[in-house]
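J.: from the sequence below, what's the structure:
(one chain, ligands or ions: 1)
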Amino acid sequence: MKTSFLLLLCVMFVCPLRSVALPAGDSTNPKKEEAAALQACAKMVLSGFRKIADTGDQRFEGKVTEATALCRGGQKTLQFRLTPWVDWSQYWGTGDMSSLPSGFISTKGPAFRGVTGALLDLEYERIELIKFNLFDNNGTYQTYVAGRAGVGGPALKVWPEMRLPKDSPSYLAVGGDGAQVCTGDLIRTRTLTGICNDLRNPLMGSSGTPFARNVEFDTTFPDLGQTELTKNRHGGRIGLLTPDPQVISRKLFTRAQSNPAACNSGFGLPNNSPDANCDYQKAPFFNVLAAYWIQFMTHDWFSHMEEGHNATEIIEVGCKTQLVNGVATPLTPDDVQKLGCRPNDQVDKAYVLQSSPPDQFSSGGHNYLTRAPKTFSNKNTAWWDASQLYGFDETSWRRVKRDPKDPAKMLLEPVTGMPGAAYLPVLQASDPMQPQWTGQESVAFPDNWSIGLSFYHNLFAREHNSFVDEFRRQAARMPNADSGLRNPSDPKRVIRNQDVTSDELFQVARLVVSAEIAKIHTIEWTPQLLYDEPLYKGMNANWNGLLGAGDPEVSKALSDIIVHNFGKSTNSKKESQWYSVFASGPGIFGIGSTVPHYDITNPNDVNGGVNHFGSPFNFPEEFVTVYRLHPLVPDLIEYRDVSKDPNQIVQKVAVIDTFEGKATDAMRSRGLANWGLSLGRQRLGLLALHNHPQFMQNIHLPRLDTPTQQIDIAALDLIRDREHGVPRFNEFRRQYGLRQLTSYDDFMDKSLPADSVARKPQEEMVAQLREVYGTHVCDSSKVITDAQVNEDSSPINDCLGHPNGSVVDNIEDVDTVVGWLAESTRPHGFAISETQFVVFILNASRRLYSDRFFTSSFRSEFYTQLGVDWVNHNGPGPEMIEAGMPNGHKQPVSPLKRVLLRNIPELTPELQHVTNAFDPWGRARGEYYTLDWKPRPDAIADPAFKQ
Ligand code: HEM
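T.: Residues are numbered from 1 along each chain as shown. So this is what the prediction gives:
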């Protein structure tokens, strides 16, 4: 094989750890560094490919060999190999312009090696995540481990546990006691409760099924001390209220204020005075629209709450003790006052689905639990089906109002004083509702409502109607033309445009809106959340394929190979290890939709593109943990008026003044366009410690029957994770195949120069973590994990590499949310930490791989031809191309920008300058992935740039 081809493959697939003698590079001498890098590349190639790990302790961990590091990123990458953080973030081309080598003959080669290398490190991580991190709580785990009838668990595709139960209204329709297969009306659309997405596993992903896990069952609920390892790991130091969650919130989460009076605990000043100010740490490349977008998404994916409440039992929520000289000591009234916490706060306990001790089984000499010690149900459908808009059960469906004049449409009402505009109707007493929702707009998922959710629900209701209008126009123009739609109960009948019923059109619009939302999230929100070249390419590959955009024929061929060979494979190893790699060729979206002679009555065709990797799909509890993103929300919204000067901040509106029913008046009196402009221009809050909104720490929830009717949401995030048994941060990382930390000091960014001003706050953070979580004298005889081993293959013990008997940090006790907020070392442009990201790599792909409406059922038979084109082209008509080459890419006008232009035309002049709707709209996008906070020429007067 030619060396250059080997080099490409090796750049693509991580080369193994093997010690190779390398010449010393010299970052001050470009010629020497270039020569060293090239020599390293040759050595990397000769050492061959890295094998996928057979056991968890051999996992990749995001760390490459010395040669690979030098080849892909030069000395800089080599320098940080010993930190716990992944290597690829130091590769060439993975940051802004400064990540390109200077003085090299060409920067293209190194940048290609760096970016491609990063992409493939990520793919490698994904393969191993799929292999090691799937734990289903429905009762299928034993067959996943042991297999069934000679087929390996990861290759199984159908599970008896995913049959509809006898009390399901669709039980008989799918086959009752016999083999269950969804057919006919049950497969045409996204069903209300999410059943029949997978034809042969009708129950999968439906409302009320248990959350999955991504971590070994026996590592969950560490505070119960059920195994020797968890006992050793935490030494009896952790519990539901230990360390005290409100104390953690006040000491580690509170936003510091330079002028507390101007913030007024997050309430701002009277009359929305623009003089109000609540300081917060801001992300320069991500706007408040992006914050509300992700809340809008989570309301589609999961919910632990049911109709706005948790279980009936009330629990305490802390503000009781703090560590003093390492000993938990009751807080004095003085301490309470200084901290600002509330000992009398209480909250309703989380619902529990199962809490009986799980069965155990043995396989291959190991003992396993069949499920986690407690399970919890996802009250929502797990599918990306826009269920926050369209409902997930009979009750939520009753809040979805359709237009009586055209039932294909969502009901939008005219509003006095807003000529031409229409908004969602308000909940009526006859609607299923909770007292706290009074006055809110009527939507399927009304919880934790504020102006941001009102914005997106109105926007996508309008988008739904825009699609219906376009279809009706097409039908009026060409009534006899084939709509593309088919009915599986009568598959030969051509359904002409004029034959499409209002109910059918409503459901088609739901499919289109869901797919648009998934597309916006995949290729617009995420590449801005992770603002660098590898992730731009990676996310576009998930959607369009690495080859898709350039070569549709190759893409189609690859897609067919996957469906015909790997999709039907019973070889579990092939299946789980390589499927995701092959899918990056054609992309996940639409996989299996182009097979020859596609037959809508053949389940193998309709369902052929999905892959669950042997484990039924649902979100894991660990996914919810990393989406507890409350620091994204500012306390005050910098309100602007689109009809006046967009550069002017006319008011500062407290988010709390738009909470629940107050959002309706805020929306109707000010309008979608002004809120769009305001949320689009403002930067969101960094995910960091000391950055939770003040108002959330003190929020009033009158629905609570408790002494204060108040809650600290930041503290509640910790309590809920503890209730759900999420492993603490360090074991969480080990479970996901990331390197452990050995002290709080590891949270500091080692790439900062000694004299950097950013060091001081990080040193303070380390001291605060030590104060809150404490230290202990370690005992090296206590093994604390079996997920990983030390470099020398010895078990990891309580001392984490420090001498026996020394004082070590209680790093094992750090709550996962605290840990990922404390991560100062992040890849360039990452608004989230690498720990959150690894959870995302696995689950973001799975929600596409598992959903037939994004794979083999993305066809006109389900979406209509207009629907397919609408999703592919981001709206009606041909694809529009963005002017210029943002970050070096020719790209279509982004899907959310198109949605905004279509449905809020008043924003057209402002959006002219916008490439990605989640990048603050006034920011100059500048050169290659810059994070600079600089205005575009006509936003120079915007005071936000003077802050
Ligand atoms: C005005 C803004 C917001 C308010 C008032 C709010 C309020 C709340 C409250 C009260 C809960 C606790 C429910 C419970 O466990 O009892 C919660 C949970 C949660 N919030 Fe927020 N939130 C806001 C914004 C956001 C944003 C921007 C995100 C970003 C993703 C987010 C993500 C979550 C998640 C993941 C949960 C856990 C849900 C579950 O357990 O099923 N929230 N929020």
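
J.: for Ser824, see how far away Gly179 is.
T.: For the record, residue 179 is Ala, not Gly. 54 Å (Cβ to Cβ, to the nearest Å). Where you see a C-beta, it was placed from the backbone N, CA and C, and this is true even at glycine.

J.: low pLDDT regions in the stretch 401-550 of the chain?
T.: For the stretch 401-550 of the chain, the stretches with pLDDT under 70 are 546-550.

J.: is the host helix or strand of Arg462 up against the ligand anywhere?
T.: According to DSSP states H and E, Arg462 maps onto helix 451-477. No: Helix 451-477 lies out of reach of the ligand by Cβ under 6 Å from any ligand atom, never closer than 6.8 Å.

J.: give the buried residues for that helix.
T.: Buried residues in helix 451-477, defined by neighbour count with 16 or more other Cβ atoms under 10 Å: 451-468, 470-472, 474-475.

J.: thinking again about what came up before, more neighbours: which of Ala179 and Ser824?
T.: Neighbour count, other Cβ atoms under 10 Å: between Ala179 and Ser824, Ser824 has more, with 21 against 10.

J.: would you mind measuring from that one to Leu800?
T.: Using Cβ to Cβ, one obtains 20 Å as the distance from Ser824 to Leu800.

J.: show me what contacts the residue in the stretch 1-150 of the chain that the ligand sits nearest to?
T.: Nearest residue of the stretch 1-150 of the chain to the ligand (Cβ to the nearest ligand atom) works out as Asn137 at 15.5 Å. Applying Cβ atoms under 8 Å, 6 or more residues apart in numbering to Asn137 gives the contacts Pro210, Phe211, Ala212, Arg213, Arg371, Ala372, Thr375, Asn618.

J.: so the fourth one versus Pro527, what's the distance?
T.: Computed as Cβ to Cβ, the Arg213 to Pro527 distance reads 29 Å.

J.: who has more neighbours out of those two?
T.: When neighbours are counted by other Cβ under 10 Å, Arg213 and Pro527 differ, and Arg213 comes out ahead with 28 against 23.

J.: get me the contact residues on this structure for the ligand.
T.: Going by Cβ under 6 Å from any ligand atom, the residues of the chain near the ligand are 291, 294-295, 298, 302-305, 310, 448, 450, 624, 627-630, 632-633, 655, 659, 713, 716, 720.

J.: residues contacting the residue sitting furthest away from the middle of the chain?
T.: Ranked by distance from the centre of the chain (Cα atoms, centre = their mean), the top residue is Asn480, with 43.1 Å. Residues near Asn480 by Cβ under 8 Å, 6+ apart: Arg496, Asn497, Gln498.

J.: try 6 Å
T.: Neighbouring residues of Asn480 by Cβ atoms under 6 Å, 6 or more residues apart in numbering: Arg496.

J.: now do Thr864
T.: By Cβ under 6 Å, 6+ apart, the residues touching Thr864 are Ser483, Gly484, Leu485, Val508.

J.: return the subset of the residues of the chain next to the ligand lying in helices.
T.: Among these, the ones falling in helices (DSSP state H) are Ala291, Ile294, Gln295, Thr298, Val624, Ile713, Leu716, Arg720.

J.: could I get those residues as TSV with neighbour count?
T.: Putting those into TSV (neighbours: other Cβ atoms under 10 Å) gives the following:
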residue	neighbour count
Ala291	25
Ile294	18
Gln295	21
Thr298	20
Val624	23
Ile713	22
Leu716	23
Arg720	23
